[in-house]
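Enquirer: here is my input, please return the structure:
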Amino acid sequence: MILGENVRESIRSLWGAKQRSLLALIGIVIGIGSVIAMVTVGQIVENEAIRQFKEMGTDICIVRLSGITSGQKQNKSLNLDDIMAVPEHCSTIRVVAPYVSTYSTLTFAGVRKSCPALGVTEEFRNMFKVPLVAGRFISDLDRHANFCVLGSSKAEWLAEQGVNEPVGEKIVFGERMYTVIGVARAVPSGTFSPYEINEGIMLPISTVLRSPERPALSVFGARMIGHGVSVHASEQLQNYFNYTSKQKTRITSAEELVAQMDRQMRMFTLLLGAIGSISLIVGGVGVMNVMLVSVSERRGEIGIRRAVGAEQNDIQLQFLVESVILSFVGGIIGLGVGIGATAIICHFSGWEFFVSKIAAILGVGVSAAVGVFFGYYPARQAARMSPIDALRSA
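Expert: So this is what the prediction gives:
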């Protein structure tokens with residue numbers, strides 16, 4: 001009963017000072033809205049990144065020679081036949097897709113451009129989800145053939161030269177002439193997808209291995225049988241290559257990378273929430289200022305209430321309720337503003353929109369907590385005010 005009367009009295013008091021209450025409300029709305037939007041966007045980005053990564057399949061792993069990193073000069077090499085025989089000797093591996101990279105100059109109609117290239121097998125397209133917009137992909141029947149598939153970047157470069165349908169055209173890569181047999185659509189860049197897919201051209205791996213550059217074959221993709229067998233696959237692969245070529249390998253599985261990405265993105269979401277909390281603190285300070293002004297203006301009211309028997313706790317509860325109501329209303333509006341901002345961002349970014357449960361809890365819980373935290377000091381000041389001094393200033 002007393003709480004209900006406090007609520008009604010708080011609403012009347014806040015409504016009586018509409019301009020001041022509105023200014024404090026705007027600060028809370030901006031603060032809560034910022035936190036909600038940043039936390040929700042962080043979760044959506046996390047889900048989107050992991051979703052794109054999982055599209056390749058969590059049963060994919062990349063096998064490299066130990067000590068070899070991307071872009072590093074390679075002094076070691078694996079045997080192509082040994083790699084292709086992996087599924088026969090490793091029960092955890094279903095298929096393999098070896099690839100090798102090289103770099104040279106691409107020439108068309110007298111125009112030259114630096115260009116990376118990948119030597120690939122037919123299985124490479126399925127493992128790394130390479131879509132085609134024209135022609136066909138490299139086949140295992142193209143052994144030693146001078147065929148190539150253009151990445152999206154090089155297809156755009158040829159379009160700038162006036163070639164809108166490049167399939168069947170002749171291009172020169174290095175010192176050899178190649179026939180374009182296909183054009184690939186751009187694939188999302190990721191940890192597993194070689195950047196040469198978009199930025200370069202793809203050739204038969206047997207052709208690249210016989211080129212004058214003689215690039216070293218030190219990496220291949222593998223699709224495991226089932227899920228959660230990366231430890232067994234790593235042991236089998238290490239034992240196999242240690243036996244066939246006395247080489248040590250290291251395996252990177254999609255499961256491990258997804259777990260790492262999940263941890264990193266959660267930290268990113270927490271960081272965004274912490275940044276948004278700065279504006280929330282500013283809004284809370286605005287609430288405190290409003291309540292302090294309210295206490296100063298209502299000294300006479302406080303003195304009269306104390307004179308007729310009101311306890312300190314009654315006065316403190318009255319001002320705390322006002323602070324919580326102000327913050328709670330701002331939190332509800334801020335929740336709507338934050339969700340609306342998130343929906344707009346997702347619409348223009350093409351991300352899947354959803355309302356985070358954590359965001360909804362933050363919108364209600366944090367706003368109430370802000371009201372209690374920043375309203376406690378003004379309420380305490382009002383409760384400790386001397387009735388005689390309060391009546392004298394009335």
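Enquirer: where do the helices sit along the protein?
Expert: 2-16, 18-54, 80-84, 86-89, 123-127, 152-160, 196-199, 205-209, 230-244, 254-297, 299-307, 312-349, 357-383, 387-392 (DSSP state H).
Enquirer: mean confidence for the second one?
Expert: Here helix 18-54 scores 77 as its mean pLDDT.
Enquirer: dump stretch 126-140 to CSV, keeping only the CA atoms.
Expert: Only the C-alpha atoms of stretch 126-140 are listed here, as CSV (Å, rounded to 0.1, in the frame of the first residue of the first chain):
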residue,chain,number,x,y,z
ASN,A,126,34.0,-29.2,-53.4
MET,A,127,36.1,-28.9,-50.3
PHE,A,128,36.5,-25.1,-50.4
LYS,A,129,33.0,-24.4,-51.9
VAL,A,130,34.2,-22.6,-55.0
PRO,A,131,31.1,-21.6,-57.1
LEU,A,132,31.4,-21.1,-60.9
VAL,A,133,29.6,-18.4,-62.9
ALA,A,134,30.8,-19.7,-66.3
GLY,A,135,32.5,-22.8,-67.8
ARG,A,136,33.8,-25.6,-65.7
PHE,A,137,36.4,-26.3,-63.0
ILE,A,138,39.7,-28.1,-63.2
SER,A,139,39.3,-31.8,-63.6
ASP,A,140,41.6,-34.7,-62.7
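Enquirer: buried residues in it, which are they?
Expert: By neighbour count, with 16 or more other C-beta atoms under 10 Å as the criterion, the buried positions of stretch 126-140 are 127-128, 130, 134-135, 137-138. For glycine as for every other residue, the C-beta is placed from the backbone atoms N, C-alpha and C.
Enquirer: tell me which two in these are the farthest apart.
Expert: Distance extremes for the buried residues of stretch 126-140: the farthest pair is Met127 and Ala134 at 21.2 Å, using C-beta to C-beta.
Enquirer: and the buried residues of stretch 126-140 as JSON lines, adding pLDDT and distance to Gly151?
Expert: Below are the buried residues of stretch 126-140 laid out as JSON lines (pLDDT from 0 to 100; distance: C-beta to C-beta, whole Å):
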{"residue": "Met127", "pLDDT": "88", "distance to Gly151": "16"}
{"residue": "Phe128", "pLDDT": "87", "distance to Gly151": "12"}
{"residue": "Val130", "pLDDT": "91", "distance to Gly151": "9"}
{"residue": "Ala134", "pLDDT": "92", "distance to Gly151": "13"}
{"residue": "Gly135", "pLDDT": "93", "distance to Gly151": "13"}
{"residue": "Phe137", "pLDDT": "95", "distance to Gly151": "12"}
{"residue": "Ile138", "pLDDT": "94", "distance to Gly151": "13"}
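Enquirer: out of the residues you listed, which comes closest to Ile181?
Expert: Comparing the buried residues of stretch 126-140 against Ile181 with C-beta to C-beta places Gly135 closest, at 5.1 Å.
Enquirer: wait, isn't that closest one in contact with Gly182?
Expert: Yes - counting by C-beta atoms under 8 Å, Gly135 touches Gly182, with 3.3 Å between them.
Enquirer: where do the contact lists of the two overlap?
Expert: The contact sets of Gly135 and Gly182 overlap at 149, 167 (C-beta atoms under 8 Å, 6 or more residues apart in numbering).
Enquirer: which residues of the stretch 151-300 of the chain score low on pLDDT?
Expert: Along the stretch 151-300 of the chain, segments meeting pLDDT under 70 span 189-191, 226-230, 254-255, 272-273, 276.
Enquirer: that older thread, possible to save the buried residues of stretch 126-140 as a markdown table with distance to Val293?
Expert: Listed next are the buried residues of stretch 126-140 as a markdown table, based on distance: C-beta to C-beta, whole Å:
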| residue | distance to Val293 |
| --- | --- |
| Met127 | 67 |
| Phe128 | 64 |
| Val130 | 65 |
| Ala134 | 71 |
| Gly135 | 74 |
| Phe137 | 72 |
| Ile138 | 75 |
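Enquirer: just those residues: which are in strands?
Expert: Mapping those onto strands (DSSP state E) picks out 134-135.
Enquirer: distance of Gln173 from Ser279?
Expert: Careful, residue 173 is Phe; it's not Gln. To Ser279, Phe173 is 54 Å away according to C-beta to C-beta, to the nearest Å.
Enquirer: the more surrounded of the two?
Expert: Set Phe173 next to Ser279 and count neighbours by other C-beta atoms under 10 Å: Phe173 wins out with 23 against 18.
Enquirer: now that one: how far from Pro194?
Expert: Distance from Phe173 to Pro194, by C-beta to C-beta: 17 Å.
Enquirer: now swap in Val287 and tell me
Expert: 54 Å.
Enquirer: those two: who's more crowded?
Expert: Using other C-beta under 10 Å as the criterion, Val287 and Pro194 rank with Val287 on top: 27 against 23.
Enquirer: contacting residues around the more buried one?
Expert: Residues near Val287 by C-beta under 8 Å, 6+ apart: 24, 27-28, 323, 326-327, 370-371, 374-375.
Enquirer: how about Ile358?
Expert: So Ile358 contacts 39, 43 (C-beta under 8 Å, 6+ apart).
Enquirer: what's around Gln312, how many residues?
Expert: Gln312 is flanked by 14 other residues according to other C-beta under 10 Å.
Enquirer: next: the one 3 residues further on.
Expert: When neighbours are counted by other C-beta under 10 Å, Ile315 registers 24.
Enquirer: and Val100, by the same measure?
Expert: 25.
Enquirer: my guess is it contacts Pro116, does it?
Expert: No - the pair Val100 / Pro116 is not scored as a contact, 11.3 Å apart, by C-beta under 8 Å.
Enquirer: I'd like to know which of the buried residues of stretch 126-140 is nearest to Ala85.
Expert: Looking across those and measuring by C-beta to C-beta, the closest to Ala85 is Met127, at 17.2 Å.
Enquirer: quick check, pLDDT for the closest residue to the closest one other than its chain neighbours.
Expert: Once flanking residues are discounted, Met127 sits nearest to Ala97: 4.4 Å by C-beta to C-beta, 6 or more residues apart in numbering. We note a pLDDT of 93 for Ala97 in this prediction.
Enquirer: understood, closing this out.
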